[in-house]
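1. I need the structure of the sequence given here:
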Amino acid sequence: MVHLWVRSESRPNERRVGITPEGVGTLIAQGFRVTVEDSPHRILPTRDYTAAGTEIAPEGSWPDAPADAIIYGLKELPETGTPLPHRHIMFGHAYKGQPAGLELLRRFRAGGGQLYDLEYLTGPDGRRLAAFGYWAGFAGAAVSLKAWAAQKRGGICGPVSTFASQTVMCDAIRAEIDATGLPRPRAIVIGALGRVGSGASDLLTRMGVAVTKWDMAETAGGGRYPQILMHDLFINCILAQPGAPVFIDQDALSPARILSVIGDVACDPTSEFNPIKVYDRVTDWAQPALRVADPPLDVMAIDNLPSLLPLESSVDFAGQILPVLATLDRIDQDAWGRAEALFQDHLARL
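-> Prediction:
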(Lines give C-alpha, C1' and ligand atoms only; values in the text may rest on other atoms or scores of the structure.)
Protein backbone atom coordinates (compact mmCIF):
# COMPACT_ATOMS: atom_id res chain seq x y z
CA MET A 1 0.00 0.00 0.00
CA VAL A 2 1.26 3.46 -0.90
CA HIS A 3 1.53 5.73 2.15
CA LEU A 4 1.54 9.40 1.15
CA TRP A 5 2.48 11.79 3.96
CA VAL A 6 1.56 15.43 3.25
CA ARG A 7 3.82 17.63 5.37
CA SER A 8 3.09 21.09 6.64
CA GLU A 9 5.12 23.78 4.90
CA SER A 10 7.73 25.32 7.20
CA ARG A 11 8.69 28.33 5.11
CA PRO A 12 7.31 31.68 6.32
CA ASN A 13 4.37 32.99 4.24
CA GLU A 14 3.89 29.60 2.57
CA ARG A 15 0.19 28.71 2.68
CA ARG A 16 -0.04 26.51 -0.42
CA VAL A 17 -0.64 22.78 -0.45
CA GLY A 18 -0.16 20.25 -3.24
CA ILE A 19 -3.34 18.22 -2.77
CA THR A 20 -6.92 19.15 -1.93
CA PRO A 21 -9.23 17.24 0.42
CA GLU A 22 -11.09 16.00 -2.65
CA GLY A 23 -7.81 14.71 -4.05
CA VAL A 24 -7.05 12.94 -0.80
CA GLY A 25 -10.45 11.26 -1.00
CA THR A 26 -9.66 10.08 -4.52
CA LEU A 27 -6.39 8.49 -3.44
CA ILE A 28 -7.95 6.83 -0.39
CA ALA A 29 -10.68 5.36 -2.59
CA GLN A 30 -7.89 3.99 -4.81
CA GLY A 31 -6.39 2.17 -1.82
CA PHE A 32 -3.75 4.67 -0.70
CA ARG A 33 -3.04 5.49 2.92
CA VAL A 34 -2.82 9.27 3.32
CA THR A 35 -1.54 11.19 6.32
CA VAL A 36 -1.84 14.99 6.41
CA GLU A 37 0.01 17.06 8.97
CA ASP A 38 -1.92 19.65 10.89
CA SER A 39 -1.13 23.21 9.84
CA PRO A 40 -2.43 26.51 11.22
CA HIS A 41 -1.42 28.42 8.09
CA ARG A 42 -2.38 26.09 5.22
CA ILE A 43 -4.98 27.76 2.98
CA LEU A 44 -7.18 24.64 3.11
CA PRO A 45 -8.04 23.83 6.74
CA THR A 46 -7.18 20.57 8.47
CA ARG A 47 -10.83 19.87 9.23
CA ASP A 48 -11.53 19.49 5.51
CA TYR A 49 -8.88 16.78 5.26
CA THR A 50 -10.30 15.06 8.32
CA ALA A 51 -13.71 15.04 6.67
CA ALA A 52 -12.13 13.43 3.61
CA GLY A 53 -11.05 10.47 5.73
CA THR A 54 -7.32 11.12 6.08
CA GLU A 55 -5.16 10.53 9.13
CA ILE A 56 -3.94 13.72 10.81
CA ALA A 57 -0.41 13.99 12.23
CA PRO A 58 1.19 16.79 14.26
CA GLU A 59 2.73 19.68 12.36
CA GLY A 60 6.34 19.00 11.35
CA SER A 61 6.30 15.35 12.39
CA TRP A 62 7.39 13.95 9.01
CA PRO A 63 10.93 13.03 10.19
CA ASP A 64 9.26 10.39 12.39
CA ALA A 65 6.99 9.06 9.64
CA PRO A 66 7.15 5.33 8.88
CA ALA A 67 10.13 4.40 6.74
CA ASP A 68 7.95 3.48 3.77
CA ALA A 69 6.03 6.78 3.76
CA ILE A 70 6.51 9.09 0.79
CA ILE A 71 6.81 12.65 2.12
CA TYR A 72 5.02 15.18 -0.06
CA GLY A 73 5.53 18.92 0.22
CA LEU A 74 6.17 21.92 -1.99
CA LYS A 75 8.95 24.18 -0.78
CA GLU A 76 12.26 23.47 0.91
CA LEU A 77 12.80 21.50 4.09
CA PRO A 78 14.17 23.10 7.26
CA GLU A 79 17.95 23.39 6.87
CA THR A 80 18.87 21.23 9.85
CA GLY A 81 21.61 19.28 8.08
CA THR A 82 20.14 15.99 9.25
CA PRO A 83 20.22 12.94 6.95
CA LEU A 84 17.08 12.27 4.91
CA PRO A 85 16.08 8.58 4.84
CA HIS A 86 12.61 8.98 3.29
CA ARG A 87 11.48 9.39 -0.28
CA HIS A 88 10.49 13.05 -0.78
CA ILE A 89 8.35 14.76 -3.41
CA MET A 90 8.98 18.53 -3.54
CA PHE A 91 10.63 21.36 -5.43
CA GLY A 92 14.25 20.63 -4.51
CA HIS A 93 16.07 23.37 -6.47
CA ALA A 94 19.11 21.13 -6.34
CA TYR A 95 20.16 20.46 -9.93
CA LYS A 96 21.53 23.79 -11.12
CA GLY A 97 24.52 24.18 -8.84
CA GLN A 98 22.71 26.07 -6.09
CA PRO A 99 24.71 25.88 -2.82
CA ALA A 100 21.61 25.01 -0.75
CA GLY A 101 20.68 22.39 -3.33
CA LEU A 102 24.04 20.70 -3.06
CA GLU A 103 23.63 20.52 0.69
CA LEU A 104 20.18 18.97 0.20
CA LEU A 105 21.66 16.29 -2.04
CA ARG A 106 24.30 15.53 0.58
CA ARG A 107 21.55 15.03 3.16
CA PHE A 108 19.84 12.54 0.86
CA ARG A 109 23.11 10.73 0.30
CA ALA A 110 23.73 10.54 4.05
CA GLY A 111 20.26 9.22 4.82
CA GLY A 112 19.72 6.98 1.81
CA GLY A 113 16.49 8.73 0.81
CA GLN A 114 15.38 9.85 -2.63
CA LEU A 115 14.16 13.09 -4.19
CA TYR A 116 11.40 13.20 -6.78
CA ASP A 117 11.65 16.81 -7.85
CA LEU A 118 8.31 18.29 -8.91
CA GLU A 119 10.06 20.52 -11.43
CA TYR A 120 11.26 17.42 -13.27
CA LEU A 121 8.12 15.29 -13.27
CA THR A 122 7.71 15.12 -17.02
CA GLY A 123 5.90 13.23 -19.74
CA PRO A 124 7.69 11.26 -22.46
CA ASP A 125 7.96 14.50 -24.46
CA GLY A 126 9.84 16.23 -21.65
CA ARG A 127 7.03 18.62 -20.77
CA ARG A 128 6.26 19.18 -17.11
CA LEU A 129 3.12 17.47 -15.87
CA ALA A 130 2.26 20.01 -13.19
CA ALA A 131 3.44 23.54 -12.47
CA PHE A 132 2.56 26.70 -10.56
CA GLY A 133 3.86 28.73 -13.47
CA TYR A 134 0.72 30.58 -14.47
CA TRP A 135 0.16 32.02 -11.00
CA ALA A 136 3.87 32.77 -10.56
CA GLY A 137 3.73 34.90 -13.70
CA PHE A 138 0.45 36.50 -12.71
CA ALA A 139 1.65 37.47 -9.23
CA GLY A 140 5.14 38.39 -10.43
CA ALA A 141 3.78 40.88 -12.93
CA ALA A 142 1.52 42.32 -10.22
CA VAL A 143 4.40 42.90 -7.79
CA SER A 144 6.53 44.32 -10.61
CA LEU A 145 3.80 46.87 -11.34
CA LYS A 146 3.64 47.65 -7.64
CA ALA A 147 7.40 48.30 -7.74
CA TRP A 148 6.96 50.61 -10.74
CA ALA A 149 4.26 52.59 -8.95
CA ALA A 150 6.44 52.92 -5.85
CA GLN A 151 9.26 54.30 -7.99
CA LYS A 152 6.96 56.93 -9.44
CA ARG A 153 6.14 58.00 -5.90
CA GLY A 154 9.87 58.42 -5.24
CA GLY A 155 10.28 55.26 -3.19
CA ILE A 156 10.80 51.53 -3.43
CA CYS A 157 8.27 48.72 -3.28
CA GLY A 158 6.89 48.07 0.19
CA PRO A 159 5.94 44.74 1.77
CA VAL A 160 3.45 42.39 0.14
CA SER A 161 1.17 39.79 1.69
CA THR A 162 -1.36 37.16 0.69
CA PHE A 163 -4.30 38.23 -1.45
CA ALA A 164 -7.67 36.56 -0.87
CA SER A 165 -8.21 36.17 -4.62
CA GLN A 166 -6.95 37.31 -8.00
CA THR A 167 -9.76 39.87 -8.13
CA VAL A 168 -8.59 41.44 -4.86
CA MET A 169 -5.02 41.47 -6.17
CA CYS A 170 -6.00 43.15 -9.43
CA ASP A 171 -8.08 45.79 -7.68
CA ALA A 172 -5.21 46.63 -5.32
CA ILE A 173 -2.57 46.90 -8.05
CA ARG A 174 -4.85 48.90 -10.34
CA ALA A 175 -5.45 51.40 -7.54
CA GLU A 176 -1.69 51.82 -6.99
CA ILE A 177 -0.87 52.50 -10.63
CA ASP A 178 -3.93 54.75 -11.05
CA ALA A 179 -2.73 56.79 -8.07
CA THR A 180 0.47 57.73 -9.92
CA GLY A 181 -1.59 59.76 -12.39
CA LEU A 182 0.76 58.58 -15.14
CA PRO A 183 0.12 56.71 -18.38
CA ARG A 184 0.46 52.97 -18.13
CA PRO A 185 4.03 51.69 -18.50
CA ARG A 186 5.14 49.50 -21.39
CA ALA A 187 6.23 45.96 -20.63
CA ILE A 188 8.11 43.17 -22.36
CA VAL A 189 7.56 39.55 -21.36
CA ILE A 190 10.18 36.98 -22.42
CA GLY A 191 8.89 33.44 -22.37
CA ALA A 192 5.44 34.74 -23.22
CA LEU A 193 4.18 31.51 -24.78
CA GLY A 194 4.74 29.39 -21.66
CA ARG A 195 2.61 29.06 -18.54
CA VAL A 196 4.59 31.66 -16.61
CA GLY A 197 4.58 34.13 -19.47
CA SER A 198 0.87 33.62 -20.07
CA GLY A 199 0.11 34.48 -16.46
CA ALA A 200 2.30 37.58 -16.57
CA SER A 201 0.79 38.74 -19.86
CA ASP A 202 -2.75 38.20 -18.60
CA LEU A 203 -2.17 40.30 -15.48
CA LEU A 204 -0.52 43.11 -17.43
CA THR A 205 -3.31 43.15 -20.01
CA ARG A 206 -5.93 43.32 -17.27
CA MET A 207 -4.09 46.36 -15.88
CA GLY A 208 -4.18 48.09 -19.28
CA VAL A 209 -0.44 47.70 -19.87
CA ALA A 210 0.81 47.28 -23.44
CA VAL A 211 2.80 44.04 -23.65
CA THR A 212 5.54 43.06 -26.08
CA LYS A 213 5.58 39.26 -26.14
CA TRP A 214 8.83 37.46 -26.89
CA ASP A 215 9.61 33.77 -26.84
CA MET A 216 12.22 31.44 -28.33
CA ALA A 217 11.97 32.83 -31.86
CA GLU A 218 12.83 36.36 -30.77
CA THR A 219 15.81 35.30 -28.64
CA ALA A 220 17.20 32.51 -30.82
CA GLY A 221 19.99 34.67 -32.23
CA GLY A 222 21.66 35.29 -28.87
CA GLY A 223 23.68 38.41 -28.22
CA ARG A 224 22.47 41.63 -26.66
CA TYR A 225 18.85 42.74 -26.64
CA PRO A 226 18.65 46.56 -26.60
CA GLN A 227 14.89 46.34 -27.21
CA ILE A 228 14.44 45.23 -23.60
CA LEU A 229 15.89 48.52 -22.38
CA MET A 230 13.26 50.47 -24.29
CA HIS A 231 10.46 49.16 -22.08
CA ASP A 232 9.56 50.31 -18.56
CA LEU A 233 9.12 46.76 -17.27
CA PHE A 234 10.85 43.52 -18.22
CA ILE A 235 9.28 40.29 -16.95
CA ASN A 236 11.61 37.31 -17.30
CA CYS A 237 9.79 33.98 -17.51
CA ILE A 238 12.67 31.86 -18.85
CA LEU A 239 14.17 29.32 -16.46
CA ALA A 240 17.89 29.33 -15.84
CA GLN A 241 19.31 26.41 -17.80
CA PRO A 242 22.34 25.55 -19.92
CA GLY A 243 22.30 27.51 -23.14
CA ALA A 244 19.92 30.21 -21.89
CA PRO A 245 20.88 33.63 -23.30
CA VAL A 246 21.84 36.49 -21.02
CA PHE A 247 19.14 39.15 -21.29
CA ILE A 248 20.49 41.78 -18.90
CA ASP A 249 24.05 42.31 -17.70
CA GLN A 250 26.02 45.16 -16.15
CA ASP A 251 26.55 46.76 -19.56
CA ALA A 252 22.79 47.31 -19.77
CA LEU A 253 22.71 49.70 -16.79
CA SER A 254 23.34 52.81 -18.84
CA PRO A 255 21.40 55.89 -17.73
CA ALA A 256 20.03 56.08 -21.27
CA ARG A 257 17.73 53.10 -20.66
CA ILE A 258 13.99 53.43 -20.15
CA LEU A 259 13.84 50.15 -18.21
CA SER A 260 13.20 50.72 -14.52
CA VAL A 261 11.81 47.41 -13.18
CA ILE A 262 12.87 43.83 -13.82
CA GLY A 263 10.47 41.16 -12.65
CA ASP A 264 12.58 38.00 -12.60
CA VAL A 265 9.75 35.54 -12.08
CA ALA A 266 12.00 32.58 -12.89
CA CYS A 267 14.51 33.87 -10.35
CA ASP A 268 17.56 31.71 -9.87
CA PRO A 269 20.32 34.22 -9.07
CA THR A 270 22.74 31.68 -7.60
CA SER A 271 22.77 29.58 -10.76
CA GLU A 272 25.58 30.08 -13.25
CA PHE A 273 22.89 30.02 -15.97
CA ASN A 274 20.97 32.99 -14.55
CA PRO A 275 20.01 35.20 -17.53
CA ILE A 276 19.70 38.35 -15.37
CA LYS A 277 23.24 39.30 -14.37
CA VAL A 278 22.60 42.42 -12.30
CA TYR A 279 21.64 40.91 -8.92
CA ASP A 280 22.83 38.08 -6.71
CA ARG A 281 20.05 37.24 -4.24
CA VAL A 282 16.33 36.68 -4.13
CA THR A 283 13.98 39.25 -2.68
CA ASP A 284 11.17 38.49 -0.25
CA TRP A 285 7.75 39.59 0.92
CA ALA A 286 9.15 42.12 3.39
CA GLN A 287 11.46 43.69 0.77
CA PRO A 288 10.11 42.73 -2.66
CA ALA A 289 12.48 44.90 -4.71
CA LEU A 290 16.24 45.32 -4.80
CA ARG A 291 17.66 48.54 -6.23
CA VAL A 292 20.63 47.75 -8.45
CA ALA A 293 21.28 51.03 -10.32
CA ASP A 294 20.51 54.72 -10.60
CA PRO A 295 18.51 56.13 -12.27
CA PRO A 296 16.34 53.62 -10.42
CA LEU A 297 16.39 50.05 -11.64
CA ASP A 298 14.68 47.67 -9.26
CA VAL A 299 14.67 43.88 -9.43
CA MET A 300 11.72 41.88 -8.11
CA ALA A 301 12.87 38.28 -7.53
CA ILE A 302 10.52 36.64 -5.04
CA ASP A 303 10.86 32.88 -5.31
CA ASN A 304 7.46 31.83 -3.96
CA LEU A 305 5.21 34.16 -5.91
CA PRO A 306 2.23 31.77 -6.26
CA SER A 307 1.88 31.91 -2.47
CA LEU A 308 0.53 35.43 -2.87
CA LEU A 309 -2.55 33.71 -4.32
CA PRO A 310 -2.54 30.50 -2.25
CA LEU A 311 -6.07 29.33 -2.96
CA GLU A 312 -6.10 29.63 -6.75
CA SER A 313 -2.56 28.33 -7.11
CA SER A 314 -3.11 25.35 -4.78
CA VAL A 315 -6.33 24.23 -6.41
CA ASP A 316 -4.85 24.60 -9.91
CA PHE A 317 -1.63 22.72 -9.13
CA ALA A 318 -3.39 20.00 -7.14
CA GLY A 319 -5.67 19.31 -10.09
CA GLN A 320 -2.70 18.95 -12.43
CA ILE A 321 -0.67 16.69 -10.15
CA LEU A 322 -3.43 14.37 -8.88
CA PRO A 323 -3.32 11.97 -11.87
CA VAL A 324 0.44 11.69 -11.39
CA LEU A 325 0.14 11.06 -7.65
CA ALA A 326 -2.38 8.34 -8.46
CA THR A 327 0.44 6.38 -10.16
CA LEU A 328 2.68 6.27 -7.07
CA ASP A 329 1.97 2.56 -6.83
CA ARG A 330 4.29 2.36 -9.87
CA ILE A 331 6.93 4.73 -8.56
CA ASP A 332 9.70 3.10 -10.55
CA GLN A 333 7.97 3.80 -13.86
CA ASP A 334 7.14 6.69 -16.20
CA ALA A 335 7.39 10.20 -14.71
CA TRP A 336 8.47 8.92 -11.29
CA GLY A 337 11.11 6.67 -12.80
CA ARG A 338 12.50 9.53 -14.88
CA ALA A 339 12.61 11.80 -11.81
CA GLU A 340 14.44 9.17 -9.79
CA ALA A 341 16.97 8.57 -12.56
CA LEU A 342 17.70 12.31 -12.68
CA PHE A 343 18.17 12.38 -8.92
CA GLN A 344 20.56 9.44 -9.03
CA ASP A 345 22.54 11.11 -11.81
CA HIS A 346 23.02 14.28 -9.78
CA LEU A 347 23.75 12.34 -6.63
CA ALA A 348 26.54 10.51 -8.44
CA ARG A 349 28.13 13.87 -9.36
CA LEU A 350 28.63 14.97 -5.74
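
2. for the stretch 51-200 of the chain, which segments are assigned as strands?
-> Counting by DSSP state E, counting those that start in this stretch, the stretch 51-200 of the chain has strands at residues 55-57, 70-72, 87-90, 114-117, 186-190.

3. can you put these in a markdown table and add mean pLDDT?
-> Shown next, in a markdown table, are the strands of the stretch 51-200 of the chain (pLDDT from 0 to 100):
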| stretch | mean pLDDT |
| --- | --- |
| strand 55-57 | 98 |
| strand 70-72 | 98 |
| strand 87-90 | 98 |
| strand 114-117 | 98 |
| strand 186-190 | 98 |
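
4. with distance to residue 238 and mean neighbour count added, can I get those strands in CSV?
-> Yep, even glycine has a C-beta here, placed from its N, CA and C like the rest. Formatted as CSV, the strands of the stretch 51-200 of the chain follow (distance: least, CB to CB, whole Å; neighbours: other CB atoms under 10 Å):
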stretch, distance to residue 238, mean neighbour count
strand 55-57, 39, 16
strand 70-72, 28, 23
strand 87-90, 23, 24
strand 114-117, 19, 22
strand 186-190, 6, 25
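
5. and the helices in the stretch 1-150 of the chain, which stretches?
-> 21-29, 46-51, 99-111, 133-152 (DSSP state H, counting those that start in this stretch).

6. separation between the residue nearest the centre of the chain and residue 284?
-> The residue lying closest to the centre of the chain (CA atoms, centre = their mean) is residue 304, at 4.9 Å. Plainly put, residue 304 is 9 Å away from residue 284 if you go by CB to CB, to the nearest Å.

7. could you do residue 262 as well?
-> Taken as CB to CB, the span from residue 262 to residue 284 is 16 Å.

8. so those two - more neighbours on which side?
-> The neighbour comparison of residue 262 against residue 284 (other CB atoms under 10 Å) goes to residue 262, with 28 against 15.

9. three-state assignment of the more buried one?
-> Look at residue 262: counting by DSSP: H, G, I helix; E, B strand; the rest coil, its state is strand.

10. ditto for the one 4 residues further on
-> On the three-state scheme (three-state DSSP), residue 266 is labelled coil.

11. OK, contacts around it?
-> 191, 196, 236, 237, 238, 239, 240 (CB atoms under 8 Å, 6 or more residues apart in numbering).

12. show me the contacts for the second one.
-> Neighbour list for residue 196: 133, 134, 136, 137, 140, 237, 265, 266 [criterion: CB under 8 Å, 6+ apart].

13. and it, how far is that from residue 128?
-> Noted for residue 196: a distance of 11 Å to residue 128, by CB to CB.

14. repeat for the first one
-> As judged by CB to CB, residue 191 and residue 128 stand 14 Å apart.

15. so the two - more neighbours on which side?
-> More neighbours surround residue 191 than the other of residue 191 and residue 128, with 25 against 16 (other CB under 10 Å).

16. give the contact list for the closest residue to that one other than its chain neighbours.
-> Distances taken as CB to CB, 6 or more residues apart in numbering place residue 237 nearest to residue 191, at 3.2 Å, with adjacent residues excluded. Applying CB under 8 Å, 6+ apart, we find residue 237 in contact with 133, 137, 189, 190, 191, 192, 194, 196, 197, 200, 265, 266.

17. give the contact list for the first one.
-> For residue 133, the contacting residues are 194, 195, 196, 199, 237, taking CB under 8 Å, 6+ apart as the criterion.

18. give the contact list for the first one.
-> Contacts of residue 194 were listed using CB under 8 Å, 6+ apart, and they are 133, 215, 237.

19. run through the helices of the stretch 151-300 of the chain in chain order.
-> All helices of the stretch 151-300 of the chain, identified by DSSP H, counting those that start in this stretch, fall at 166-179, 195-206, 216-219.

20. out of these, nearest to residue 251?
-> Minimum separation from residue 251 across those (CB to CB) falls at helix 216-219, 17.2 Å.

21. and that closest one, which residues are buried?
-> Buried positions in helix 216-219, judged by neighbour count with 16 or more other CB atoms under 10 Å: residue 219.

22. same check on stretch 75-95?
-> Applying 16+ other CB under 10 Å to stretch 75-95 flags 75-77, 84, 86-95 as buried.

23. residue 118: which of these is nearest?
-> Checking the buried residues of stretch 75-95 against residue 118 with CB to CB, the nearest one is residue 91 at 5.1 Å.

24. what is the burial count for the nearest residue to that closest one once chain neighbours are set aside?
-> Nearest in space to residue 91, with sequence neighbours left out and distances taken as CB to CB, 6+ apart, is residue 118 at 5.1 Å. Look at residue 118: counted by other CB under 10 Å, it has 23 neighbours.

25. kind regards, and thank you for your time.
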